[in-house]
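A.B. asks: The sequence and its predicted three-dimensional model are supplied below.
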Amino acid sequence: SIQTSLIYNDSKVFVDQPMKYDPSVIHAAYRSIPNTSDPNQLSTFLSTYFYASGSDILSYYPNDLSNTPQFIDTIQYPPYRIWASDLNQLWSTISKQVNQSVLLYPERSSFVPRRYPMIIPGGRFHESYYWDSLWIVKGLLVCDMPQTAQYVIWNLLDDINNFGYVPNGGRIYYLDRSQPPLLSEMIISLADYWGWSSSNTTDLLTYSYPLLQKEYSWWMSPLKGHTVVVNMNGKDHVLNVYHSNSTAPRPESYLEDIETAGVDPATSSWNESTPYQQALYQNIRTGAETGWDFSSRWLHPTSPPTFNLSAIDTTHIIPTDLNTYMYRLELNLQRIALAVGEDGEVYGAAAEARKLAIEEVLWSAEQCRWNDFNITSGSSITNYGDGGVTISSWIPMWGGLTDTSLSSRECVLASLSSSGLIQDAGILTTSTNSGQQWDSPNAWPPLVLIIIEGLRRLVLTEADQLANDISSKWLATNYEAYNTSGYMYEKYNAFEVGVGGGGGEYTPQVGFGWSNGVALVLLNNSATSTPYSGGNGNDDDELSGGAIASIVIACVVFVILIATVVYRFTCFGKKESQNQDVAI
């Protein structure tokens, strides 16, 4: 009744409130409320028996946070240098440690206890999240904060120790699902920072290798529902899908889910769900595991398009991005195995098998891109939403899955360039404007960096130029938004410079962990840390505001210099004339 009383406008608030007493006391107190449909009585109950949302974490100042990390001095554009310094300091505002009460009374909180300090995204999110952490780690390393990056990684490795996998986020209501499996990428990033011959790296890899193996086994276990077999051209291929086993509404989005399922809380309860509603809840939870919660990419097409979550069907889609992440995990496991003296051939063979499966099942030679595969229809998904495209079709570039031939690399680049997804202020997640937040007009930081890094892997001059252009545009929109509002946004509008994104089931958030991390990575790249000049990146006659200002300053200095020379020459001439008069 609390979730349906509309006391809070966000279902997540209630499930994040720690209890002041043991659950048995709370249950007894709730049962004693005379009228549980009265918001005033419910509000009194909440204030008496619960602490505020977010009180299970405390501020933490990272020991390795420096006011002047080295990379800042390499940034050429002065306003960006100041901005980078601000972003560096933002780590102190989103660095948290667990309140000791959580460790003393774990049953009173939804928080998953953490042994180490953590980085949270910001806004309504008072816990760490799995795939957000990759870009947070990358940003921390740019700022020379390896200890804090290691804490992030250790917390996730603890999750594998405790649960066998990394949950979606650090709350018990996320335990039914994971998120894109990118922990090995974080470990590789930290090893690259330290150097692969350092003792720190050796210790990290030795400790993490068996845990990464455990995570990989979880994703590959048929019992967990994350694998499917597809027969293509007479050969069986094993690929991965997202999957949650739970068929109940999400606690953190309870009201939203039952409304989507058509449940009237006044007359019925979710535990009286029909098979259709149970399947819907499962698909919604599975959609949350993708990280893209939510997108027209997961919805059944309707005519005319409605883009309602009631049409979600995530469990029957083989995603291009997930299988790219799994391919990278297999390659990373092979590399780490060799580094710690183990035989990683089994993972190398698994990566080769997946590469073939991706080529056979997901690659479209006709479209020069990779498409999701619909298990139900047994066919590739060539049109998304209202007949559009999705940036996930080019994520395999980042994974190194592009054929090495020049013609294939040029073809993939051409298909991306002509997709319509690359706009003046970022990369559209999809071309469909559905009202869902992982659709147009939104551009999301992690996907932008993945595509930039993927373009560089094509080893083409044109691809590098496009990557630089996207980087410059992305920094420009991030900087403009920050300069105007003082905030870094969770997502941005790909069409309008300096405008945050919108849509979805919660209000736009600021903070923001992965946005800061991606901006810092790009600011650290000297090729893209100068301001975007506008146009398509090829207009030599268009100058940025910074460039114009520099020219004006140079002209003023030149005029002053000339005036000084003229003045001195005139004075010198007068003095000489006076000397001559005296001599006469």
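C.D. replies: Perfect, thanks for sending it. Residues are numbered from 1 along each chain as shown.

A.B. asks: So which residues of the stretch 251-400 of the chain form helices?
C.D. replies: Ranges of helices within the stretch 251-400 of the chain are 254-260, 275-289, 320-339, 345-357, 395-399, based on DSSP state H, counting those that start in this stretch.

A.B. asks: List the contacts of N374.
C.D. replies: Residues touching N374, when contacts are defined by Cβ atoms under 8 Å, 6 or more residues apart in numbering, comprise 316-318, 380-381. Yep, even glycine has a C-beta here, placed from its N, CA and C like the rest.

A.B. asks: Go through those and say which is closest to V510.
C.D. replies: When the contacts of N374 are compared for distance to V510 (Cβ to Cβ), I317 wins out at 31.3 Å.

A.B. asks: Report how many residues lie close to that closest one.
C.D. replies: If you count neighbours by other Cβ atoms under 10 Å, I317 ends up with 23.

A.B. asks: Could you find the closest non-adjacent residue to it?
C.D. replies: Nearest residue to I317, sequence neighbours excluded (Cβ to Cβ, 6 or more residues apart in numbering): D372, at 5.2 Å.

A.B. asks: Let me see the contact set for that neighbour.
C.D. replies: Under the criterion of Cβ under 8 Å, 6+ apart, the contact list for D372 reads 297, 317-320, 362, 380-381, 390, 392.

A.B. asks: would you list the residues you listed in CSV and tack on distance to P34?
C.D. replies: CSV is the format used below for these (distance: Cβ to Cβ, whole Å):
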residue, distance to P34
R297, 47
I317, 48
I318, 53
P319, 50
T320, 55
L362, 58
S380, 59
I381, 54
T390, 52
S392, 52
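
A.B. asks: So which of the residues you listed are in strands?
C.D. replies: Secondary structure defined by DSSP state E assigns 317-318, 380 of the contacts of D372 to strands.

A.B. asks: So what does the spatially most central residue of the chain have for phi and psi?
C.D. replies: The structure's the chain has its C-alpha centroid closest to P446; by Cα atoms, centre = their mean the separation is 4.1 Å. Its backbone dihedrals place P446 at phi -60, psi -40, with angles given as degrees, to the nearest 10.

A.B. asks: picking up where we left off before, for the residue nearest to I317, give its distance to P39.
C.D. replies: Applying Cβ to Cβ, to the nearest Å, the value for D372 to P39 is 44 Å.

A.B. asks: Outside of stretch 313-320 itself, list whatever touches it.
C.D. replies: The contact list for stretch 313-320 (Cβ under 8 Å, 6+ apart) reads 225, 228, 230, 239-243, 282-284, 286-287, 289-290, 297-300, 358, 361-362, 370-376, 381, 392-393, 395-396.

A.B. asks: Just the buried ones from these?
C.D. replies: With burial judged by 16 or more other Cβ atoms under 10 Å, the buried subset of the contacts of stretch 313-320 is 228, 230, 239-243, 282-284, 286-287, 289-290, 297-299, 358, 361-362, 370-373, 375, 381, 392-393, 395-396.

A.B. asks: Can you point out the buried residues in stretch 351-358?
C.D. replies: 351, 354-355, 357-358.

A.B. asks: Would you mind giving the secondary structure of the nearest residue to D132 once chain neighbours are set aside?
C.D. replies: Of all residues not flanking D132 in the chain, W514 sits nearest, at 4.9 Å (Cβ to Cβ, 6+ apart). When classified by DSSP: H, G, I helix; E, B strand; the rest coil, W514 comes out as helix.

A.B. asks: so W514 makes contact with I136?
C.D. replies: Yes. With contact defined as Cβ atoms under 8 Å, W514 and I136 form a contacting pair (6.2 Å).

A.B. asks: mind listing the strands for this protein?
C.D. replies: According to DSSP E, the strands that the chain contains are 57-59, 95-98, 118-119, 227-232, 235-240, 317-318, 363-364, 369-370, 373-374, 379-380, 422-423, 426-427, 442-443, 492-493.

A.B. asks: For M186, find the nearest of those strands.
C.D. replies: With Cβ to Cβ as the criterion, M186 lies closest to strand 118-119 of the strands of the chain, at 11.7 Å.

A.B. asks: Contacts for the closest one, please.
C.D. replies: Counting by Cβ under 8 Å, 6+ apart, the neighbours of strand 118-119 from elsewhere in the structure are 57, 91, 94-98, 127-128, 133, 136, 140, 148, 151-152, 155, 170, 513.

A.B. asks: State the mean pLDDT of that strand.
C.D. replies: When the per-residue pLDDT values of strand 118-119 are averaged, the result is 98.
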